[in-house]
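Novice: Structural data only, the sequence is not supplied:
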């Protein structure tokens, strides 16, 4: 069974169903998706950590549930996350834009112009987030801090990316980090202006949009990922076998076509050991961000 820390239909659930469907075809064994939404992913993480470490209970989580939540909600966990949960492989990356609205003739066209505007108009820039303490919230707060303690305020929207898009279309919100899948149409139609790309490289469809690294902020912004996790006591031969069949599933043309339609990049880890190093690096990065930026998450 594969635990998913969200309701059906979201990005992580889509990944689980695409991967699970292919794993079923490869192994001939049923893969059951179990949706356990709520509590910022803690319910699913808790069930995974306490499951038998035999390779039959897995979880597909994302940057929020498997890197940020274990840090900012550490007091709510009854176990040591790093000692009880292990990464099997990264699966997909979803690039993001740093966007501004074009509503109300908002004049900003580049990252330096955004910083300059914020400095000259303290408190006038509102940025959208998909929830209090979500990674887009941390991303923009971290950017504001790194760019010179800019006076910008968050306007979380409980309706997720679609809610943030509506806020930007109205001009209630001037800036946001949004993934490319959610915002591409608005960029192409000219409703939003992409100032930078959160990705390792520029995207072919947006050759004129620089990466955050190119504009001088290489560690700001989150490439949202979905990864596969198992209980930490799972024997190495079992983890290696799981890794092998998942790598095979991700390499299949059918899976690649399905992820291409979702605008996801397929990015499997090189091995189980590589996946564990990757997760440790992600945790270290979010320790840095959550220490640098204090957001009241209402414990």
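Specialist: Now that the structure is in, tell me what you want to look at. All values reported here derive from a predicted model rather than from experimental measurement.
Novice: now the strands for the stretch 151-299 of the chain?
Specialist: Listed in chain order, the strands of the stretch 151-299 of the chain (DSSP state E, counting those that start in this stretch) span 152-156, 175-179, 192-198, 224-231, 265-266.
Novice: go on, the stretch 1-150 of the chain?
Specialist: Going by DSSP E, counting those that start in this stretch, the stretch 1-150 of the chain shows strands at 2-4, 33-35, 58-62, 85-94, 96-101, 125-129.
Novice: Give me the sheet partners of the fourth one and which way each runs.
Specialist: Okay, so that is strand 85-94. strand 224-231 (antiparallel), strand 265-266 (antiparallel) (DSSP bridges).
Novice: Tell me which of those sits most buried.
Specialist: strand 224-231 (a mean of 24; mean count of other C-beta atoms under 10 Å). Placement of C-beta: from N, CA and C, glycine included.
Novice: Show me how far that one is from its chain's centre.
Specialist: Relative to the chain's own centre, strand 224-231 is displaced by 11 Å; criterion: C-alpha atoms, centre = their mean, to the nearest Å.
Novice: so that strand versus strand 192-198, what angle?
Specialist: 40 degrees (axes from the mean of the first three to the mean of the last three C-alpha atoms, to 10 degrees).
Novice: start the count at 11, not 1, going forward
Specialist: Noted, 11 is the first residue going forward, which turns the last one into strand 234-241.
Novice: Need the mean per-residue confidence for strand 234-241.
Specialist: Regarding strand 234-241, the rounded mean pLDDT is 96.
Novice: ok, now stretch 53-61?
Specialist: The model assigns stretch 53-61 a mean pLDDT of 96.
Novice: May I see the buried residues of that stretch?
Specialist: 54, 55, 56, 57, 58, 59, 61 (16 or more other C-beta atoms under 10 Å).
Novice: closest to residue 242 among those?
Specialist: residue 59 (7.8 Å; C-beta to C-beta).
Novice: Skipping adjacent residues, who's closest to that closest one in space?
Specialist: Nearest non-adjacent residue to residue 59, counting by C-beta to C-beta, 6 or more residues apart in numbering: residue 94, 4.0 Å away.
Novice: residue contacts, the one you found?
Specialist: 59, 241, 242 (C-beta atoms under 8 Å, 6 or more residues apart in numbering).
Novice: hang on, the earlier thing: need the buried residues of stretch 53-61 in JSON lines with distance to residue 152, can you?
Specialist: As requested, the buried residues of stretch 53-61 are exported to JSON lines (distance: C-beta to C-beta, whole Å):
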{"residue": "54", "distance to residue 152": "26"}
{"residue": "55", "distance to residue 152": "24"}
{"residue": "56", "distance to residue 152": "28"}
{"residue": "57", "distance to residue 152": "31"}
{"residue": "58", "distance to residue 152": "28"}
{"residue": "59", "distance to residue 152": "28"}
{"residue": "61", "distance to residue 152": "34"}
